[in-house]
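1. Sharing a model that was predicted from the sequence below.
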Amino acid sequence: MPAIIELEEVTVYNEDGRAVFEDVNLNFSGGQCVLIAAPPASGKGALLKLLSGHALPDKGVVHLFGKDTRRLTKTGLNDARKRMGFILQDPILISNLKVIENVALPLLYHSELTADECYNEALKMLDLAGFAGDLWVLPGLLPVYARKSVAAAKALVMGPEVIVCENPAHGLNEDELAHLSGIIAGYHLSHPASLLIVTARDETEIGAIKPGRTIHIQDGRFRE
Amino acid sequence: MIKILRYLGSAVLSRISALSDIWEIIAFSLYSLVFRFKKGRKATKSVLLKQIYFAGFEAVPIVSWIALALGIIIVTQSFSILPKVGGEGLIGDILVWVVIREIGPIFSAIIVVARSGTAIASELGSMKISKELTALEIIGIDPMHYLIAPRVIGTCISVFVLTFYFEIIAVLGGYLLAGFGKRMTFSVYIADVLASLGFAEIGSSVLKSVLFGLIIGAVCCLNGMKVQRSITEIPQRTTKAVIGSFKAVFLIDAVVTLIFFMF
């Protein structure tokens, strides 16, 4: 399958001018399940920022869906992002929207579905993600697992081609991790062309996700 | 001397930069309303309606009280002073000049700044701190299009509608509550007011309310978006949003009044 994401000779420096990683060449294709294994503060966050288009490389080129992120307009970048689903370590939900509104938001904004259809899809996805709480509460006081479930439902509701999951074990117990990672792995299996990228310290922190490829980051170097 | 010049130069540049940011927000909001109306409509419509509800509909009780109180004051003063100087025939003119040209737009704007301008700035500031704007970007939603434009347009619609509501309540309610039915019949009073209403009066009120609404929305959104790292910036930015809105509203009021006076 053609590469969905490509990094060519990418170098990123931190605020002190020290290289986070240098001359990295990577490509990720549809159908792959990739684990980026690295200890904290080793460059996983910087890599995710490159993948989401929130940062540009100091040197080199990042291609998202075949397009150089440096040349993408705001609209082009948003078009790329709506084909991706991010489940971040600290799930950020929109505080003034109720749980179901948070999940329905990407559909309401991007899709041609009616509002009722968007809410029905959101409801199905929340059910799949195992969210058992009140759908019509603001998300501020939800426990970590419930927030992660809602964030996962929100990330997957658009049927993304790329799923990026940052440290899924963070803040969860074993059962919760098994359930959440099962949902993500299940989505990847049911969408065989999708690309799943998971970041974690090692294989023990990704629950039911079975990576076909593991990339280790050590001292700013990537090795498979 | 160089230090003073440097300070003045820096102050002027920062004002120009702020004005340019405000203009950019207003232009983007109007552009979104006209040319990107269909994009994300289901989501942005909800933000717009909520903004109109909070800034406009929920302000109706306080606008009613203030409009009634000011209406009573102005109608009473007009009826008590004008006959002494032989100016009974000017009652309609005075009411239109004072209420419709000036007080209606200004007081509606002040109420919206106090109630909703502060809410807009603090809400956006809080969303910025908790990285909710990044969360929107990550799902391919432009925060300017989803959060800012509907707030600016919603504030504009609210100030516009509240201004006309304020004027009707002040002119009619003021007359009725002040109990001057014995001196001048209601029909004569209304005919007098309507006779004084021309294009300039209505045009001035419409122009002021629309400009006030746009500028309040833009100044408050800009200050909310300028919150960077700390939660303590939120009250500081909210205060700046209120002061900035008041300065802009009174400046625009003076300029529009002068323009209508000259032409």
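-> That came through fine. Residues are numbered from 1 along each chain as shown, chains lettered A, B, ... in the order given.

2. tell me the SS of the residue nearest to residue A:181 when sequence neighbours are not counted?
-> Of all residues not flanking residue A:181 in the chain, residue A:207 sits nearest, at 2.9 Å (CB to CB, 6 or more residues apart in numbering or on different chains). In this view, the C-beta of every residue, glycine as well, is placed from N, C-alpha and C. Secondary structure, DSSP: H, G, I helix; E, B strand; the rest coil: residue A:207 is coil.

3. now swap in the one 3 residues further on and tell me
-> Following three-state DSSP, residue A:210 is assigned to coil.

4. surely it meets residue A:185?
-> Yes: using CB atoms under 8 Å, residue A:210 is in contact with residue A:185, at 6.8 Å.

5. Mind listing the shared neighbours of the two?
-> residue A:33 (CB atoms under 8 Å, 6 or more residues apart in numbering or on different chains).

6. show me where the stretch 1-150 of chain B has helices.
-> Applying DSSP state H, counting those that start in this stretch to the stretch 1-150 of chain B gives helices spanning B:2-35, B:41-55, B:60-81, B:91-95, B:104-112, B:118-129, B:132-138, B:143, B:149-168.

7. The residue most central in space within chain B: what's it in contact with?
-> Taking CA atoms, centre = their mean, the centroid of chain B lies closest to residue B:109, which sits 3.1 Å from it. Residue B:109 is in contact with B:159, B:163, B:209, B:212, B:213, B:216, B:245, B:249, counting by CB under 8 Å, 6+ apart.

8. For the closest residue to chain A within the stretch 51-200 of chain B, list the residues it contacts.
-> Closest residue of the stretch 51-200 of chain B to chain A, CB to the nearest CB: residue B:140 (3.4 Å). Residue B:140 makes contacts with A:78, A:79, A:80, A:81, A:82, A:106, A:109, A:110, as judged by CB under 8 Å, 6+ apart.

9. The fourth one: neighbouring residues, count only.
-> Residue crowding around residue A:81 was assessed by other CB atoms under 10 Å in any protein chain shown; the count is 26.

10. Residue A:199 belongs to a helix?
-> No: secondary structure of residue A:199 (three-state DSSP): strand, not part of a helix.

11. beta partners of it?
-> Beta bridges link residue A:199 to residue A:36, residue A:166, judged by DSSP bridges.

12. Go ahead and confirm it touches residue A:167.
-> Yes: at 6.0 Å, residue A:199 counts as touching residue A:167 under the criterion of CB under 8 Å.

13. who's more crowded, the two?
-> residue A:199 (24 against 20).

14. which residue packs closest to the residue of the stretch 51-200 of chain B closest to chain A, ignoring adjacent ones?
-> Per CB to CB, 6+ apart, closest to residue B:140 is residue A:82, 3.4 Å.

15. just residue A:195 next, same as before
-> Residue A:195 sits nearest to residue A:162 (CB to CB, 6+ apart), 4.7 Å away.

16. For the one you found, list each beta-bridge partner.
-> residue A:84, residue A:195.

17. what's the burial count for it?
-> 21.

18. which ones are touching it?
-> A:4, A:5, A:28, A:83, A:84, A:85, A:194, A:195, A:196, A:197.

19. one more time with 10 Å, if that's ok
-> Residue A:162 makes contact with A:4-5, A:28, A:30, A:51, A:64-65, A:80-81, A:83-86, A:194-197 under the criterion CB atoms under 10 Å, 6 or more residues apart in numbering or on different chains.

20. Narrow those residues to those that are buried.
-> Listed as buried from the contacts of residue A:162 are A:4-5, A:28, A:51, A:64-65, A:80-81, A:83-86, A:194-197; burial here means 16 or more other CB atoms under 10 Å in any protein chain shown.
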